[in-house]
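Enquirer: Pasting a predicted model and its sequence here:
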Amino acid sequence: MDLALSTCWNASRHRDGKAMLEEIREMGFKSVELGHTLRFSLWPGVLKAVKEGVIQVQSLHNFCPVPIEVIRPSPDCFEFTSPHPSERNAAVRATLQTLDCAAEVGASAVVLHLGSYRRRSRLTEKMIHDWKSRSLYTKKSSSSRIQYLIQRKKESPILQERLKECLDPILEKASKHHLRLGVEFRSHLEEYPHADEFDPFFRNYAGSPLGYWHDFGHAAKMDLLGVINHSQFLKDQSQRIIGAHLQDFSPPQNDHLALGDGSLPLDELHRLLPESSIKVLEFSPRVPREKIIENLQEWRMNS
């Protein structure tokens, strides 16, 4: 499958959704992901561009378009795991709207963040600090991680309950629209689900539209911190993968880089993606246009 480009790269620079998509088409892309920074004001132009056949929409990243009550775009502005019913209800409403929008533009998948364990542990930041100071594997650092994971396991049942309550109507609508839902691998241990929770989580939703969405930058960060082995994790999850965000990574947490601008063994890792999976370049707006075109041309030459 050919590469798509996420509109996270250029949405902030445009006032018209059609012009935003025309810019991506002019760079040589045949398809896009509508990202979580796409404002409602851009939506009419997006619909016009899709209707005129400017470009194909492969996927949307929840929440898309940005809910009108949200001032700063964020895929975590509402969480399914929130202890507050009002926030969980808002997350469901905004997601159902995203699914309707995905169906309207003919997308095949929606990328989801599911939530987090809302304990102010700042564990991931502490692990990055320990990595920088070469103390990540000391007894003190390891002990704090173990204590956090023990507490997290105790809290898991109530989060599962909240998630099921939220996901039931979402899965029903996804099935109605023939959409796949990609649960994205996250960049912080405090978020859900994480590596050791994947198998039990997906077993609970076997036969549903839920699948796995791999993020190369997030996985690289967790590999750096000793949480996963990146290539082995990709192999283990291969049967679940419906799509991926492609990007490069520079330690300890600089991601959304153009391919080749970081330290990832990209050729080795990209080969582990299923051929039929959706592949999206998810780059920072700071990445130069010329570099993105170069990445696209190199991908096509090597495919």
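Expert: In hand now; what should we look at? Numbering: from 1, shown residues only.
Enquirer: mind listing what whichever strand or helix holds Leu60 pairs with, with the direction of each?
Expert: Taking DSSP states H and E as the criterion, Leu60 maps to strand 56-61. Using DSSP bridges, strand 56-61 pairs in its sheet with strand 31-34 (parallel), strand 109-112 (parallel).
Enquirer: could you dump these to a markdown table with distance to Arg13, mean pLDDT and mean neighbour count?
Expert: Bear in mind the C-beta positions are built from the backbone N, C-alpha and C, glycine included. Formatted as a markdown table, those follow (distance: least, C-beta to C-beta, whole Å; pLDDT from 0 to 100; neighbours: other C-beta atoms under 10 Å):
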| stretch | distance to Arg13 | mean pLDDT | mean neighbour count |
| --- | --- | --- | --- |
| strand 31-34 | 15 | 98 | 27 |
| strand 109-112 | 22 | 98 | 26 |
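Enquirer: Around Gly182, how many other residues sit close by?
Expert: 28 (other C-beta atoms under 10 Å).
Enquirer: Secondary structure element holding it?
Expert: Using DSSP H and E, Gly182 maps to strand 180-184.
Enquirer: Now do the contacts for the nearest residue to Asp76 once chain neighbours are set aside.
Expert: Among residues not flanking Asp76 along the chain, His113 sits closest, at 5.7 Å (C-beta to C-beta, 6 or more residues apart in numbering). By C-beta atoms under 8 Å, 6 or more residues apart in numbering, His113 lies in contact with 62, 75-76, 79, 184, 186, 191.
Enquirer: Check Met20 too.
Expert: Contacts of Met20 by C-beta under 8 Å, 6+ apart are 7, 10-11, 13-14, 42, 45-46.
Enquirer: between the host helix or strand of it and strand 56-61, how many degrees?
Expert: Per DSSP H and E, Met20 falls inside helix 17-26. Going by axes from the mean of the first three to the mean of the last three C-alpha atoms, to 10 degrees, helix 17-26 is angled at 110 degrees with respect to strand 56-61.
Enquirer: Just the mean pLDDT for helix 17-26, thanks.
Expert: Averaging pLDDT along helix 17-26 yields 98.
Enquirer: where do the helices sit along the chain?
Expert: 17-26, 43-51, 85-104, 123-132, 139-176, 198-204, 216-224, 230-236, 266-270, 289-302 (DSSP state H).
Enquirer: now what about the fourth one, what contacts it?
Expert: When you say that, I think you mean helix 123-132. 136, 138, 141, 144-145, 148, 187-190, 224-225, 251-253.
Enquirer: I'd say Trp213 and Val110 touch.
Expert: No: using C-beta atoms under 8 Å as the test, Trp213 is too far from Val110 to be in contact (9.4 Å).
Enquirer: Residues that sit against both of these two, list them.
Expert: With contacts taken as C-beta under 8 Å, 6+ apart, the residues that reach both Trp213 and Val110 are Gly182.
Enquirer: which ones are touching Gly45?
Expert: With contact taken as C-beta under 8 Å, 6+ apart, Gly45 is in contact with 16-21.
Enquirer: Could you rerun that using 10 Å?
Expert: By C-beta atoms under 10 Å, 6 or more residues apart in numbering, Gly45 lies in contact with 14-22, 54.
Enquirer: and of the strands paired with strand 56-61, who's closest to Glu290?
Expert: Closest to Glu290 of those is strand 31-34 (C-beta to C-beta; 18.7 Å).
Enquirer: returning to what we had before: want to throw the strands paired with strand 56-61 into a markdown table with distance to Asp196?
Expert: Below are the strands paired with strand 56-61 laid out as a markdown table (distance: least, C-beta to C-beta, whole Å):
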| stretch | distance to Asp196 |
| --- | --- |
| strand 31-34 | 28 |
| strand 109-112 | 19 |
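Enquirer: Count the neighbours of Leu149 for me.
Expert: 14.
Enquirer: So it is in contact with Asp196, correct?
Expert: Yes: Leu149 lies in contact with Asp196 (C-beta atoms under 10 Å); the separation is 8.4 Å.
Enquirer: ok, so of the contacts of His113, who is nearest Lys235?
Expert: Glu184 (18.4 Å).
Enquirer: beta partners of that closest one?
Expert: Trp213.
Enquirer: Could you count how many residues lie near it?
Expert: If we define neighbours as other C-beta under 10 Å, then Glu184 has 21 of them.
Enquirer: what's near enough to touch it?
Expert: For Glu184, the contact set (C-beta under 10 Å, 6+ apart) comprises 61-62, 75, 111-114, 191, 212-215, 218, 243-245.
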